[in-house]
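Participant: The following block contains a protein sequence and its predicted model.
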Amino acid sequence: MAKRKAESATSEAKSTKKPTRQQTAPSISICVPSSVISSKNAYNLQQKTMIAYQIAKASLIYDVAEIIVLTELTTKQEGKGGQSEEEKKDISSSIGKKVVFDDNGENDIGSSAPVENPTDTELDENTDERVNDDKDDALLLASLLQFFITPPYLIKTMFLPRLNPKFGQVLPKFKYAFKLPKIPSLPFMQNNNVHEHFKEGIIIPRETPKIKSKTDKQKLVPSPHKVTVSKYVNIGESEAMKLDIAREVPVYSRVTIDVRNKTIVSAKQAYGINGHKLSFGYHVRMVNDNQFNKVFTNSPLSDGYSQTIFVNCDDYFDKWSKLVDESVPLFEKKGDANGNNDNLLIILGNYGTIQRNFQSDEAKSSIFEGLDNVLKLFDCRLDIPKGCRIEDATLIALTKLLQ
């Protein structure tokens, strides 16, 4: 009996540091079009990397829980500044009742899984030759945003080309991202030094067990069935850590590890804050150019977004501000009693870009039935200085919203 008591005493959980920083209310999600790093805004890979870095920094400073990358494809006519007939129409109707979405989807790239490429779509004959580059820009932007919240020792595992063939093109494009300093507002930094007891890791496959050969019973050969679950995790040390858990975890899952007790914990328990789907930092997902509705319907929140806010930016010649001002009411902060549980969605970009995606949605006739303009989807607008670039507007909007 005495021996059992001694064994149970040693098996008690070891104490760990507690985070001092807590989750910000309300929950913030932002949506940025992939055109933010297109050729019209960035001349080379270095500039594209810096733009993504700026968005990532602003999102981490203000505890953004989710970043949605909206794929934008540009045709020759639109690329030359052409306006569709729909965009030229004056909006005389009121905004009307808010459209509510409650569907669930699975096109995300949160911290627990690698980035997935959106579904390829057939392109028009008159499509600009830069279209494919613009589509690659969406994957690159989402990958860079995930890169900046991924520890260096996990990069090559998280972005394995065999997990996604597109990563063969993405990995070489991280060369400037590797040279940038770590963002000081990452969840584990300046938060009571919790990084001493908690680390980010990826479950890695253990060695495939050997079985007897069918032809030679004396010979052992690797099993044809690959191991898909494991208790081993890469946390950046010379040897993988074996977790003290009852059930094995699917390989290549991103996890937060309590290194003192060798267990998996939630990001919120370790760092005090987390993105949607309990991800480390913000959660990243992509929306295809012809599936604009999924900005709303694929929300990782069970209750969806309670309020949608439009920020008109990337409008250098002030083409759309009058239209937006007349159609969407100005944002007003709610009192603490009503605002703490809000799940806010902020969509950034100029009206022309967002309206174009709205019009090209394959499910527009069913999901957006009766709506002829994207501005009717927004509850309010947040005014910022005119002519701001999207990456600058991200920081300005979050500052105005949360201060």
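Facilitator: Cool, the structure landed. Because the structure is predicted, anything quoted here is derived from the model rather than measured.

Participant: C-alpha only now, for contacts and for neighbours.
Facilitator: Fine.

Participant: Over to the residue positioned nearest the centre of the chain: give its phi and psi.
Facilitator: With the centre of the chain defined as its mean C-alpha position, the nearest residue by CA atoms, centre = their mean is residue 284, 1.0 Å away. Reported as degrees, to the nearest 10, the phi and psi values for residue 284 are phi -110, psi 130.

Participant: you'd agree it is up against residue 70?
Facilitator: No - no contact is recorded between residue 284 and residue 70 when judged using CA atoms under 8 Å, the distance being 11.0 Å.

Participant: Low-confidence ranges, the stretch 301-403 of the chain, go.
Facilitator: The model of the stretch 301-403 of the chain has pLDDT under 70 over residues 334-341.

Participant: So which residues of it form helices?
Facilitator: Taking DSSP state H, counting those that start in this stretch, the helices of the stretch 301-403 of the chain run over residues 321-327, 336-339, 351-359, 364-367, 390-402.

Participant: Buried by neighbour count: which residues of the longest one qualify?
Facilitator: Using 16 or more other CA atoms under 10 Å as the burial criterion, the residues of helix 390-402 that qualify are 390, 391, 393, 394, 395, 396, 397, 398.

Participant: List just the nearest of these to residue 16.
Facilitator: Nearest to residue 16, judged by CA to CA, of the buried residues of helix 390-402 is residue 398 at 32.6 Å.

Participant: any idea how far residue 22 is from that closest one?
Facilitator: From residue 398 across to residue 22, the span is 18 Å (CA to CA, to the nearest Å).

Participant: Figure out the length between the terminal residues of stretch 168-178.
Facilitator: Stretch 168-178 stretches 17 Å from its first residue to its last (CA to CA).

Participant: quick one: average confidence on that stretch?
Facilitator: Rounded to a whole number, the mean pLDDT of stretch 168-178 is 89.

Participant: gap between that stretch and the chain center?
Facilitator: A distance of 18 Å separates the C-alpha centroid of stretch 168-178 from that of its chain, computed with CA atoms, centre = their mean, to the nearest Å.

Participant: Stretch 192-207 now?
Facilitator: 21 Å.

Participant: where does this structure dip in pLDDT?
Facilitator: Applying pLDDT under 70 to the chain picks out residues 1-11, 24, 73-135, 208-212, 214, 216-218, 221-225, 334-341.

Participant: Which parts of it are helices?
Facilitator: With DSSP state H as the definition, the chain shows helices at residue ranges 2-10, 45-61, 76-79, 85-88, 131-147, 155-158, 167-170, 267-271, 294-297, 321-327, 336-339, 351-359, 364-367, 390-402.

Participant: for these, which one sits closest to residue 235?
Facilitator: Ranking the helices of the chain by distance to residue 235, with CA to CA as the measure, places helix 155-158 first at 11.3 Å.

Participant: So which elements touch the closest one?
Facilitator: Using 3 or more CA pairs under 8 Å, 6 or more residues apart in numbering; DSSP states H and E as the contact definition, helix 155-158 packs against no other helix or strand.

Participant: mind saving the C-alpha coords of that helix as PDB?
Facilitator: Output in PDB follows, covering the C-alpha atoms of helix 155-158 (Å, rounded to 0.1, in the frame of the first residue of the first chain):
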ATOM      1  CA  ILE A 155       7.900  25.200 -40.900                       C
ATOM      2  CA  LYS A 156       9.200  22.300 -43.100                       C
ATOM      3  CA  THR A 157       6.800  19.800 -41.500                       C
ATOM      4  CA  MET A 158       3.800  22.100 -41.700                       C
END
